[in-house]
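Engineer: give the three-dimensional model of this entry:
(one chain, ligands or ions: 1)
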Amino acid sequence: MIRLATVQFTPRLGEREANLEAIRVLLDPVEADVIVLPELCTSGYFFVSREELAPLAEAPGGVACAFFQRLAEAKRAIIIAGMAEAAGGSFYNSVFVFRPGVTEPLVYRKAHLFYKERFVFEPGDTAFPVIRDERLDLSIGIMLCYDWRFPEVSRALALGGAELVACPSNLVTDAWRKVMPARAIENKVYVAVANRCGTETRGGETLLFKGCSAVYDPWGEAVALADAEGDAVLLAEIDPRPCRDKSFNEFNDIFADRRPELYGAICRKR
Ligand code: ACM
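Structural biologist: Numbers count the residues shown, from 1 in each chain. The predicted structure follows:
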């Protein structure tokens with residue numbers, strides 16, 4: 001069994017040191033093989049200009065990367081953290097994956113930008129990653145928050161072998177609570193949603209982040225669930241083996257039964 005920790009907390013906008021300290025304190029007693037943190041967990045979310053984002057955006061070798069790499073080594077854990085990324089004069093809303101013994105983090109750049117993110121971030125240009133870890137015998141797919149509205153993303157990850165889909169999040173709507181379990185069922189994978197809570201107000205507009213972080217099993221049941229408010233580390237033991245068999249009765253298999261040759265063929269009739 002794999003020990004999964006899914007972290008919910010309330011980042012403070014613009015306060016990287018305070019956010020790293022909050023993460024350090026939350027994770028101090030935690031023993032886990034995989035740790036998932038929210039989107040933009042070191043910076044906060046609601047940026048209104050690239051200028052204010054710039055000093056908080058990370059590149060491999062930055063302050064937060066060094067912090068997470070040290071933590072990954074100390075805990076012998078894979079750490080999946082949403083952070084603003086600076087690269088080539090642009091900014092991306094990214095997920096960094098830190099692995100013990102691997103010095104360079106893997107980076108996924110958010111493909112689908114939500115709401116006003118487009119004013120500060122570039123749309124992602126990386127492939128959707130599936131990370132195979134032989135030590136844990138686990139394949140982890142990565143998506144980021146609003147990617148959930150696109151079933152193609154979790155399907156692509158599952159087809160790529162993901163058994164756990166990790167989804168760092170800053171969710172401000174409610175529909176995802178119905179849909180994330182469906183993403184788990186339709187792909188027969190675990191889905192870990194690490195959401196944040198609290199509010200951020202900019203220019204008279206307030207965003208309320210909805211908490212309720214959760215781990216869904218391959219049958220769509222919540223095996224761990226946080227409240228709408230308050231910091232929490234959800235601990236769940238997950239077994240990737242059922243995710244490798246996509247059948248659900250003796251005749252049906254959700255991958256073998258796919259008909260991709262028909263999915264682009266729409267017959268319009270009046
Ligand atoms: C979101 O993508 N932060 C909803």
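Engineer: what segments of the stretch 101-250 of the chain are strands?
Structural biologist: 102-109, 130-133, 138-142, 164-168, 190-194, 197-202, 205-210, 214-216, 222-225, 232-238 (DSSP state E, counting those that start in this stretch).
Engineer: in TSV: those, plus mean neighbour count.
Structural biologist: Any C-beta I mention is one placed from the backbone N, CA and C, and that applies to glycine too. Formatted as TSV, the entries for the strands of the stretch 101-250 of the chain read as follows, by neighbours: other CB atoms under 10 Å:
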stretch	mean neighbour count
strand 102-109	18
strand 130-133	17
strand 138-142	25
strand 164-168	30
strand 190-194	29
strand 197-202	17
strand 205-210	15
strand 214-216	26
strand 222-225	18
strand 232-238	19
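Engineer: residue 45 is nearest to which of the ones you listed?
Structural biologist: strand 197-202 (5.8 Å; CB to CB).
Engineer: which residues touch that closest one?
Structural biologist: Residues external to strand 197-202 that are found in contact with it (CB atoms under 8 Å, 6 or more residues apart in numbering): 8-11, 13, 44-46, 48, 206-211, 228-231.
Engineer: hmm, that strand touching the ligand?
Structural biologist: No - with CB under 6 Å from any ligand atom as the threshold, strand 197-202 lies outside contact range of the ligand, at a closest distance of 11.4 Å.
Engineer: could I get the CA-only coordinates of the helix or strand of the chain with the lowest mean pLDDT as PDB?
Structural biologist: Confidence across the helices and strands of the chain bottoms out at helix 260-263, with a mean of 94, counting by mean pLDDT, DSSP states H and E. What follows is helix 260-263, C-alpha atoms only, in PDB (Å, rounded to 0.1, in the frame of the first residue of the first chain):
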ATOM      1  CA  PRO A 260     -11.700   6.100 -30.900                       C
ATOM      2  CA  GLU A 261     -12.300   5.600 -34.700                       C
ATOM      3  CA  LEU A 262     -15.900   6.800 -34.100                       C
ATOM      4  CA  TYR A 263     -15.300   9.700 -31.700                       C
END
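Engineer: enumerate the positions of that helix that are buried.
Structural biologist: Neighbour-count burial for helix 260-263, with 16 or more other CB atoms under 10 Å as criterion, is recorded at no position.
Engineer: what's the distance between that helix and the middle of its chain?
Structural biologist: Remark: helix 260-263 is offset 29 Å from the chain centroid, using CA atoms, centre = their mean, to the nearest Å.
Engineer: what's the answer for stretch 209-216, then?
Structural biologist: Taking CA atoms, centre = their mean, one finds the center of stretch 209-216 at 11 Å from the center of the full chain.
Engineer: what parts of the protein come near the ligand?
Structural biologist: Taking CB under 6 Å from any ligand atom, the part of the chain that reaches the ligand is made up of 39, 114, 145, 146, 170, 171, 172.
Engineer: look up how far the ligand lies from the closest residue to residue 90 other than its chain neighbours.
Structural biologist: Of all residues beyond its chain neighbours, the one nearest residue 90 is residue 122 (4.7 Å), with distances taken as CB to CB, 6 or more residues apart in numbering. According to CB to the nearest ligand atom, to the nearest Å, residue 122 and the ligand sit 15 Å apart.
Engineer: tell me how many other residues surround residue 122.
Structural biologist: Other residues lying near residue 122 total 18 when counted by other CB atoms under 10 Å.
Engineer: let me see the confidence value for it.
Structural biologist: The predicted local distance difference test score for residue 122 is 98.
Engineer: how far away is it from residue 19?
Structural biologist: 23 Å (CB to CB, to the nearest Å).
Engineer: what of residue 250?
Structural biologist: Taking CB to CB as the measure, residue 250 falls 50 Å from residue 19.
Engineer: more neighbours: which of these two?
Structural biologist: residue 19 (24 against 6).
Engineer: you'd agree that one is up against residue 10?
Structural biologist: No - under the criterion of CB atoms under 8 Å, residue 19 lies out of contact with residue 10, with a separation of 9.2 Å.
Engineer: right, I'll call it a day here.
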